[in-house]
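Participant: Provide a 3D model corresponding to the input given below.
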Amino acid sequence: MAAAASYEQVNKVSLSVLVDRERNRVVYAEAGKDFVDVLLSFLTLPLGTIARLIAKDSNMQSVRVGSLSSLYQSVADLDEQHLWTQNCKEMLLQPRNSMEPYCQKLKLNIDDTPPIQYFICQDRDCLRKASSGEGCLNLSTFRNKKCHCGKLLNKVIYPEKLTTENGFVNETAKFIISEDLNVMPNVFGATVQLFQKLGVHDFAAIEKKTVVDLLKFSLISKAPLTDFIFSSYHFDPRNESSFVFGDLPPDDGRKMVVKVLKRKSNGKILFAEVKEDFADFLFSFLTFPLGGVLNMLQGVSSLSCIDNLYKSMTELSPDRHLRSQDLKDKLAKPQCAPQFELSNQILPIGAATLPLYRCFINSLLLSFRLSLPSTISGFPPYYDQKNAHLKFVDPISRIPLVDLEERVISIGLKESLSILKASLTSASALTNGLNQFSRN
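Facilitator: Model prediction:
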């Protein structure tokens, strides 16, 4: 009765929860499409969006995750003059979700990134040439980028038809969810109903604001569903061990070179001097969807409950539980949003492409594709124009000089993946990500 009532409330999702009252723990929860859609949407969120959401107060205080929070804040504090274009800062602080059409109709969508817009040239001559077939109509998802004619792309257009999808999960699917976010089909069907008859049950009405709490707990807790329901804290001791490599994509030989100053006594990296390619590489983390990161790390990120959620998704049937095989493939390997791919990206993550759209402009029916690529490229605050190097510095006062040593490290695919993994769990991502490669 209570669960049915909660379904009728606007912007709320009900959850049937079996609890152990003696230990104040969730044994498991039963949920349908609305709640599982919310959980799976976490995998589509770019890391920059996650860093922004968890930095805000909700029903619980803000939290920090690994080095992502400091990376996001460093971009927020960065003067735009150090970036290639004014759009770069917006791209990094408000990265778009490549699976936005699947999230727009969710009953609880916590992504506060502004919806995607499309801009074409303000010059009518460009429009005339495109409509007559003389030229290509340039399109951008960012306002005020330059057209090939030199004018600005600032005229908003609206495609004739934009596709939105109905979430990720089939309407009739039912699931059992463990306290550590293992999602399993409810093959027994009547399990929770039986416990309800025995009086062992609880109900929760989940609101949009509290879903942010669930995202926070999923990143820092070993029992996020229990902590979410009981407002308790079971912090997850992070496994900051080195990345265990399985089958990796072929290394194309590209390398980035960094010069680090580290302590001999504990191996901590205090200082890194790098070129702009490495700074771009770090900044690009903010545009990666969480599920895309899990795919690159082969499902082992050391965020144990996120790992559970990702593995659970890969084991769901595309026929009975998810809406299609194509959708499952996208969830297993979500890409960066269109125009958010870093040129010369060393990591194996691509960017989605926009389909062919049609729109009416001045009574003309036009077709267009994305034809103005954009890359994320820029310089951090310590850019030195004289030697074209960047410097990332930790305070090194009070450290004996004899305890310092300089190393030059060549960073390829393995090293890049190790840094990415360390950034999710460690506040010293360079130290934990590179130490195994900088030993004697």
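
Participant: pLDDT weak spots in the stretch 101-250 of the chain?
Facilitator: Along the stretch 101-250 of the chain, segments meeting pLDDT under 70 span 130-137, 160-162, 188-205, 207-209, 234, 236-250.

Participant: Mind doing that once more with 80?
Facilitator: Low-confidence segments of the stretch 101-250 of the chain, defined by pLDDT under 80: 124-140, 145-146, 148, 157-164, 187-209, 232-250.

Participant: Which residue ranges of the chain form strands?
Facilitator: Using DSSP state E, the strands of the chain run over 12-20, 25-31, 118-121, 145-146, 152-157, 175-177, 183-185, 202-207, 256-263, 269-274, 357-361, 364-368, 390-393, 404-411.

Participant: What is the fourth one packed up against?
Facilitator: Under the contact definition 3 or more CB pairs under 8 Å, 6 or more residues apart in numbering; DSSP states H and E, strand 145-146 sits against strand 152-157. No exception for glycine: its C-beta is placed from N, CA and C like everyone else's.

Participant: Now the strand it packs on: buried residues?
Facilitator: L152, L153, K155, I157 (16 or more other CB atoms under 10 Å).

Participant: rewinding a little: which stretch among the strands of the chain approaches T44 most closely?
Facilitator: In terms of CB to CB, the element of the strands of the chain nearest to T44 is strand 183-185, at 15.2 Å.

Participant: Buried ones in that closest one, by neighbour count?
Facilitator: V183, P185.

Participant: Can you give the contact residues for that strand?
Facilitator: Here strand 183-185 makes contact (CB atoms under 8 Å, 6 or more residues apart in numbering) with 36, 39, 173-178, 309, 312-313, 316-317, 320-321.

Participant: which two in those residues are spaced the farthest apart?
Facilitator: Farthest pair in the contacts of strand 183-185, by CB to CB: S178 and R320, 19.7 Å.

Participant: And the two? Which one has more around it.
Facilitator: S178 (18 against 10; other CB atoms under 10 Å).

Participant: What's the per-residue pLDDT of the nearest residue to that one once chain neighbours are set aside here?
Facilitator: Spatially, and ignoring its direct neighbours in sequence, S178 is nearest to Y28 (5.4 Å; CB to CB, 6 or more residues apart in numbering). With respect to pLDDT, Y28 scores 85.

Participant: Okay, Y28 and T226: tell me how far apart.
Facilitator: For Y28, the distance to T226 (CB to CB, to the nearest Å) stands at 10 Å.

Participant: do the same with K259
Facilitator: Distance from K259 to T226, by CB to CB: 46 Å.

Participant: more neighbours, the two?
Facilitator: Between K259 and T226, counted using other CB under 10 Å, the more crowded position is T226 (25 against 15).

Participant: Could you check how far that one is from F217?
Facilitator: Distance of T226 to F217, given as CB to CB: 9 Å.

Participant: my guess is the residue nearest to S178 meets D180, correct?
Facilitator: No: look at Y28 against D180 with CB atoms under 8 Å: they stay out of range, at 10.3 Å.

Participant: So what pairs up with L261 in the strands?
Facilitator: F271, E406 (DSSP bridges).

Participant: which of the contacts of strand 183-185 are buried?
Facilitator: 36, 39, 173-178, 309, 312-313, 316, 321.

Participant: quick check, nearest of those to A337?
Facilitator: For those, the nearest to A337 is M313 (20.1 Å; CB to CB).

Participant: per-residue confidence for the closest one?
Facilitator: The model reports M313 with a pLDDT of 97.

Participant: how near is the residue nearest the centre of the chain to L53?
Facilitator: For the chain, the residue whose C-alpha lies nearest the mean C-alpha position (CA atoms, centre = their mean) is P46; its distance is 2.2 Å. P46 sits 11 Å away from L53, going by CB to CB.

Participant: One more: T431?
Facilitator: 27 Å.

Participant: try T44
Facilitator: The gap separating T44 from L53 is 13 Å, by CB to CB.

Participant: more crowded one of these two?
Facilitator: With neighbours defined as other CB under 10 Å, T44 and L53 compare such that T44 has more, 22 against 19.
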